[in-house]
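Q: how would this look folded up:
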Amino acid sequence: MELTVDQALQQGVAAHKEGKLQDAERLYRAILQSQPAHPDANHNLGVLAVLANKTDAALPLFKVALEANPKVEQFWLSYIDALIKEKHFEMAKAVLEQGKKKGLSKDIVEAAETQLTPTAQVNEPKLAGQKKRLSFSERRKELAENKKKKKAKKQDLKGISPSQAEIDNLLHQYQAGRYSDAEKLALSITERFPEHEFGWKALGAILSQTGRISESLVASQKSVQLAPQDAEAHNNLGNTLKELGRLDEAEACYTQAITLKPGFAEAHYNLGDTLKELGRLDEAEASCRQAITLKPDFAEAHNNLGVTLQELGRLEEAEASYTQAISVKPDYAEARSNLGVTLQELGRFEEAEASYSQAIAVKPDYAEARYNLGVLLFESGKYNLAAEQFELCDIHLSKLYAIQCSYLQDKESIFYEKFELLVNQVETNAVLGSLGFRSEFKYGIKKSNSFCNDPLKYVVKTDLNALYDFENIFIETARDVLTDNSVFYRAQSHLKNGIQTAGNIFAQKKVLKTEIESIIHAEIEKYRIQFKDSEEGFIKSWPTSYEIKGWLVCMQSGGKLAPHMHDKGWITGSIYINVPPKSETDSGNLVLCLSDQDHVLGVEQSQQSIIDVVTGSLCFFPSSLHHYTIPFEEKEERIVLAFDVIPK
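A: Now for the predicted structure:
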């Protein structure tokens, strides 16, 4: 027999009281299917949402219940309670004012006003829908007790918590960017109210904003200790830990914030950003998308999703995410710059240049956009224009590009001035290592460098066939990636008759599930140990932490790579997935050289090395070496997994 609405409500309330929450929810939702504005069903469903720590989901339910029957005082208090839990204090005050006009009893008004103080204890809402509605006795009793205590002790809450005026003033100073004044107020509050979490939480945020991350950690940890159920406090602590590079701990904090408040979009966003840095890109994508679901106009989440998708090599989706971020926030310079990077990888250079220029127009001092524009101009051979951008941005890599611009423009005196400056700063990087040799061949002046003065001695070739199941681990994986229609490819100016995968190949699901990355790490460690006694800078200053970024290159007959080096690399590697049978002795072989020019006066054969590669070969070499391939004419594809070891 079909239940009436009243019967369904009675059964729902009974199930609710007995703790059968799923049954109660099912009955309340059944009522709302026929009567969407039913006050008791909306209210009680909201109560269930609060019990499940989904207070944000309860808000619209309480609002409907109140609008449907404003005479029920419990509906007012439940709605105000939920607004306070979600930190919507101004809205809570506005609702309370409406309640006063509707004739809310004095006790109820005072109880609600008590809740609006920072130290108020918010009770769980009571059930509605019974013949005798649940009373406010507990709240009123608590209020009466508070009044007695106040009267007996002849004091207000001065010794317990800061006043609302103090809190509002601190927030105003912080939001206005007056951090020095805000810090003084926060310190004053923590000294006078050491057991109240607000001062510590505010102090942690201020110290973080002013770059004192280690100090911020102590304050943030204290705020979590005092308010373990405060999702925002856990989120703030996560931000501090992330700044300190303690990513695993930051992840745990964001996860706890989300557990306490599932609808906390910012915590989902921060978790996604942390997972991205941890290299768990699929999880990062899911967190970013959850943040966007909760907050569709969250421009930063759209941008971060774009960065994640770009790293995964899904360039068209990344472009769409950046475009959405810009649509939401037109003055979002970072999204415009990131869009330029994606367009550049897609080979749409004019659009990329326009996007970088728009980012700079929005934010003239945005160094990253100027750097990205400079790289685009550099790779287009517009060295003079590129140099202008590099000189205007204080990014370390811009200095290395600027010195290359002076070298390529044949500005000898400027080049040596920049070179000496960086060498005297004990710079250890592949670019300076390369320029030391290239300038010697070009200008006849020998210069030592702190990276590697004899890089051809540090070339290593290993036969992976003898060590691993090369067919199943490498060849099958590469075949799966190259035949996957979801894999994107990027523009590569050095490559002729071939394609190169976009993004980091080690982020591809098919590669993640294999041993490839762990094998490469093991072989890198063997390389380091082999040369551990070397006095060369790149060995002595071996990075304590590094990441590996790789890509697949597939060449057809006649394919080749022009001479180039990897500016950001420390050592570069290449694994030969398939090398066609050689019709000529050196067909398809790898050439490593000290110079970037084909014919330089005085260069001997000893200044280069031709590596005879076959299927299964692994080659390591310092990233300061230029390298290129000898063309091949065979019909079979030449497939290589190339990668860089990049210091973090």
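Q: could you use CA atoms for every contact and neighbour count after this?
A: OK.
Q: continuing past the longest strand seen in the chain, what's the next helix or strand?
A: Longest strand in the chain, counting residues (DSSP state E): strand 546-561. Note on strand 546-561: by DSSP states H and E, the next helix or strand toward the C-terminus is strand 571-578.
Q: chain center to that next one: distance?
A: With Cα atoms, centre = their mean, to the nearest Å as the basis, strand 571-578 stands 29 Å off its chain's centre.
Q: what's it in contact with?
A: In this structure, residues lying in contact with strand 571-578 by Cα atoms under 8 Å, 6 or more residues apart in numbering are 474-475, 478, 566, 613-623, 637-646.
Q: quick one on the thing from earlier: relative to the longest strand of the chain, what are the paired strands and their orientations?
A: With DSSP bridges as the test, strand 546-561 is paired with strand 495-501 (antiparallel), strand 638-647 (antiparallel).
Q: got the contact list for the residue most central in space within the chain?
A: Centroid check for the chain by Cα atoms, centre = their mean gives residue 273 as the closest residue, at 2.3 Å. Residues near residue 273 by Cα under 8 Å, 6+ apart: 284, 288, 304.
Q: could you flag which of these are buried?
A: In those, burial by neighbour count holds for 284, 288, 304, counting by 16 or more other Cα atoms under 10 Å.
Q: quick one: average pLDDT of the host helix or strand of the last one?
A: Assignment of secondary structure by DSSP H and E places residue 304 within helix 299-311. Per-residue confidence for helix 299-311 averages out to 96 on the pLDDT scale.
Q: CA atoms only: put that helix into CSV for me.
A: Provided in CSV are the C-alpha atoms of helix 299-311 (Å, rounded to 0.1, in the frame of the first residue of the first chain):
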residue,chain,number,x,y,z
ALA,A,299,39.6,30.1,-12.1
GLU,A,300,42.7,28.8,-10.3
ALA,A,301,41.3,25.3,-10.4
HIS,A,302,40.7,25.5,-14.2
ASN,A,303,44.2,26.8,-14.6
ASN,A,304,45.7,24.0,-12.4
LEU,A,305,43.7,21.4,-14.3
GLY,A,306,45.2,22.8,-17.5
VAL,A,307,48.8,22.4,-16.1
THR,A,308,48.0,18.8,-15.1
LEU,A,309,46.5,18.0,-18.5
GLN,A,310,49.5,19.6,-20.3
GLU,A,311,51.9,17.4,-18.2
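Q: what's the first helix or strand after that helix?
A: Downstream of helix 299-311, the first helix or strand assigned by DSSP H and E is helix 315-328.
Q: ok and whichever helix or strand comes after that following helix relative to helix 299-311, angle-wise?
A: Next helix or strand after helix 315-328 toward the C-terminus (DSSP H and E): helix 333-345. Here helix 333-345 runs at an angle of 20 degrees relative to helix 299-311 (axes from the mean of the first three to the mean of the last three Cα atoms, to 10 degrees).
Q: so what's residue 179 up against?
A: 173, 206, 210.
Q: please apply the same query to residue 333.
A: Applying Cα under 8 Å, 6+ apart, the residues near residue 333 are 358-360, 362-363, 366, 369.
Q: also residue 104?
A: With contact taken as Cα under 8 Å, 6+ apart, residue 104 is in contact with residue 73.
Q: hey, C-alpha coordinates of stretch 573-581 in PDB?
A: These are the backbone C-alpha positions of stretch 573-581, laid out as PDB (Å, rounded to 0.1, in the frame of the first residue of the first chain):
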ATOM      1  CA  GLY A 573      69.600   9.700 -21.800                       C
ATOM      2  CA  SER A 574      68.100   7.800 -24.700                       C
ATOM      3  CA  ILE A 575      66.800   4.200 -24.900                       C
ATOM      4  CA  TYR A 576      66.600   2.800 -28.400                       C
ATOM      5  CA  ILE A 577      63.300   1.000 -28.700                       C
ATOM      6  CA  ASN A 578      63.800   0.100 -32.300                       C
ATOM      7  CA  VAL A 579      66.700   0.800 -34.600                       C
ATOM      8  CA  PRO A 580      66.300  -0.400 -38.200                       C
ATOM      9  CA  PRO A 581      69.100  -2.600 -39.700                       C
END
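Q: pretty sure residue 323 is touching residue 339, no?
A: Yes - Residue 323 is in contact with residue 339 according to Cα atoms under 8 Å; the separation is 7.4 Å.
Q: more neighbours, those two?
A: Neighbour comparison, residue 323 and residue 339: the larger count goes to residue 339, with 30 against 21 (by other Cα atoms under 10 Å).
Q: low pLDDT regions in the stretch 451-600 of the chain?
A: 597-600 (pLDDT under 70).
Q: what's the distance between residue 162 and residue 232?
A: Going from residue 162 to residue 232 by Cα to Cα, to the nearest Å gives 19 Å.
Q: let me know the pLDDT of residue 394.
A: On the pLDDT scale, residue 394 gets 86.
Q: that one: neighbour count?
A: 15.
Q: secondary structure class for it?
A: Three-state assignment for residue 394 (DSSP: H, G, I helix; E, B strand; the rest coil): coil.
Q: thought residue 565 was touching residue 627?
A: Yes - with contact defined as Cα under 8 Å, residue 565 reaches residue 627; the gap is 6.4 Å.
Q: thinking again about what came up before, of the strands paired with strand 546-561, which approaches residue 419 most closely?
A: Residue 419 lies closest to strand 638-647 among the strands paired with strand 546-561, at 21.5 Å (Cα to Cα).
Q: and the contacts of the closest one?
A: Contacts to strand 638-647, defined as Cα under 8 Å, 6+ apart, come from residues 543-556, 566, 568-580, 588, 623.
Q: now residue 564, nearest residue through space, not along the chain?
A: Spatial nearest neighbour of residue 564, excluding adjacent residues (Cα to Cα, 6 or more residues apart in numbering): residue 626 at 5.1 Å.
Q: what's that neighbour in contact with, if anything?
A: Counting by Cα under 8 Å, 6+ apart, residue 626 makes contact with 434, 563-565, 592-596.
Q: what about 10 Å?
A: By Cα atoms under 10 Å, 6 or more residues apart in numbering, the contact set of residue 626 is 434, 438, 562-566, 591-597, 608.
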